[in-house]
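Q: pasting the structure only:
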């Protein structure tokens, strides 16, 4: 139990409490979160998504019970539950439709099932939107009125918050900015088959593809030798090569930054938020790494070249702060935002 | 006086009343608008923008007085005034900064000046946002929860409304979607100098440039003969040629539609609204014209190719309905939205 959680045993005015569950294709991360966004306890389980929704739902239930058991609060003290899942989904109906990362979890009324099980109000949110809301509520964007959060990984996720409103769209497709078109003539395709999208250029798979193409075209690189030794080409391997001074690897990482800068500029011309944050597995070490800092600087340089002077000067661009806790914290925040009547937006 | 305005003489519960003023680079359009969005009277004046802000402000004052004089209501009955102007501007401070279309109207606290003159609350809004709000309030998007409005002209303007919130941004640069990047490698520049933006490809100037390039490259077209006769190449001339079956002109118009479809797809992946509307001078006759209908269809076809299935199927794309009245009606609506406490958002 953390010092904060111990302190909470006195329940000195930090209720109500919220449960946040971040259901990923690999892990389920659950937390009990108080009204100030502080985590009282956590639980982590393997999703085993391919084994189907029945087992998955049982795992979600157990994960919540485990987090409650480790916390100073009981289920009676929980005000509401927030669920974050990957899409596709119908947020208004609280349903999963056919999420590629949760194969077989098709047309699943997950909100109602979890609400019936725990007899609590439940809100469902897209995982990238929930993570954005976590950063907005208590993370690196906690002082911003509006923000966009890029999650860089196999795909490129995004969440946009404006004045406490989550831009989730009319068909649960809002903030899917990994799919904005950066090259209308581009022949690269993203995971969902669209041409010329940000994800088709800046996603992890795209980074690997661009690297392979460059090597096949005869570009010199330390990566060639690694491949000859039988290593698989991965974003991590490319990042390590870039950190070791490999020119091709560095160029590929900086090209990724350029694509992110272009898409960030497009969002500045659309949303014009206070802040952009970058998170996810492919942030090249973030502020703790020389490569991460150069990655961020390259994004900023591209924005400076392309955006209007006032937003270019005033809009902050930085790495996120909550890591893989953003999802469940944000899910809990969504529950608080949706159901806790005392809440006032900033 | 219109029949509706005559009817209004009885003041049968349609107050409060609002003044909307749309200050363009060429004309100032003013209207007295009631609580249901009905125009009671209109006035139109030449801006004579180049003669400076002093004369411009006097013209605004006279325009409002003229509209009031033609209406059944007096200035005392006016609840608030909405001003729509081109940018650049600082919406929070109610100031024009340095609008290219109002040369010399620099650092002008126009909101305060108009408020002091009429002793009424005044709200300032970007002209494209105001026009979007007009269409949202009482125009073609009146049944939508969220919408984006493209204005096609020399530049490409845009306004986005989500649940009665105008996406004006933190630095008064929200909804400037004419500047979203559709071709990251594009060498065309828009009016403000950005490369690869929507406006650089789909704006009226871009249409003329693309046409000139094609003719210079030897493309056959009826437009060549017109140019030989000394005609200036204009969007109207290109549209007329397209309507007369000129293959090059038709291709250029349909390319414009393709660019609009690409940018519309990007906005669907960002905002995911119920509806997109198209207005402005360059809509090729709209629904009343065979060319306009094909222009719209080409936009929809591009969206169908590129967007996700659910939003592609469910999002409406159509022409706007208020014509050049959208600006002052929307400005009046912004005043109503900002100051009329009885108003409830949908």
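A: Nice, I can see it. Note that the coordinates shown come from a computational prediction; the quantities given were computed from them, not determined experimentally. Numbers count the residues shown, from 1 in each chain, chains lettered A, B, ... in the order given.

Q: which residues in the stretch 151-300 of chain A form helices?
A: Along the stretch 151-300 of chain A, counting by DSSP state H, counting those that start in this stretch, helices occupy A:198-202, A:204-216, A:222-228, A:235-243, A:247-268, A:290-306.

Q: So which residues make contact with the fourth one?
A: Residues outside helix A:235-243 that contact it (CB atoms under 8 Å, 6 or more residues apart in numbering or on different chains) are A:204, A:207-208, A:211, A:221-223, A:226, A:231, A:248-250, A:252-253, A:281-282, A:284-285, A:289-291. In this view, the C-beta of every residue, glycine as well, is placed from N, C-alpha and C.

Q: Serialize the helices of the stretch 151-300 of chain A to TSV and add fields for mean neighbour count.
A: Below are the helices of the stretch 151-300 of chain A laid out as TSV (neighbours: other CB atoms under 10 Å in any protein chain shown):
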stretch	mean neighbour count
helix A:198-202	28
helix A:204-216	18
helix A:222-228	14
helix A:235-243	20
helix A:247-268	23
helix A:290-306	18
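
Q: would JSON lines of those with mean pLDDT be doable?
A: Formatted as JSON lines, these follow (pLDDT from 0 to 100):
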{"stretch": "helix A:198-202", "mean pLDDT": "97"}
{"stretch": "helix A:204-216", "mean pLDDT": "95"}
{"stretch": "helix A:222-228", "mean pLDDT": "88"}
{"stretch": "helix A:235-243", "mean pLDDT": "96"}
{"stretch": "helix A:247-268", "mean pLDDT": "98"}
{"stretch": "helix A:290-306", "mean pLDDT": "98"}
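
Q: Around chain B, pick out the residues from the stretch 1-150 of chain A.
A: Residues of the stretch 1-150 of chain A lying near chain B by CB under 8 Å from any CB of the partner chain: A:88, A:145, A:146.

Q: any idea which residue of chain A is furthest from its center?
A: Most distant from the centre of chain A: residue A:218, at 35.6 Å, with distances by CA atoms, centre = their mean.

Q: Next, the contact list for it, please.
A: Counted by CB under 8 Å, 6+ apart, residue A:218 has zero contacts.

Q: What values do phi and psi take at it?
A: Dihedral pair for residue A:218: phi 100, psi 10, per degrees, to the nearest 10.

Q: and the gap between it and chain B?
A: Taking CB to the nearest CB, to the nearest Å as the measure, residue A:218 and chain B are separated by 23 Å.

Q: Check residue A:228 too.
A: Distance of residue A:228 to chain B, given as CB to the nearest CB: 33 Å.

Q: Also residue A:124?
A: Computed as CB to the nearest CB, the residue A:124 to chain B distance reads 16 Å.

Q: That residue reaches residue A:94, doesn't it?
A: Yes - counting by CB atoms under 8 Å, residue A:124 does reach residue A:94; the two are 4.7 Å apart.

Q: Now do the end-to-end distance for stretch A:240-252.
A: When the termini of stretch A:240-252 are compared using CA to CA, to the nearest Å, they are 12 Å apart.

Q: Kindly indicate whether the spatially most central residue of chain A is helix, strand or coil.
A: Central residue of chain A (CA atoms, centre = their mean): residue A:128, 4.0 Å from the mean position. Here residue A:128 is helix, with the state taken from DSSP: H, G, I helix; E, B strand; the rest coil.
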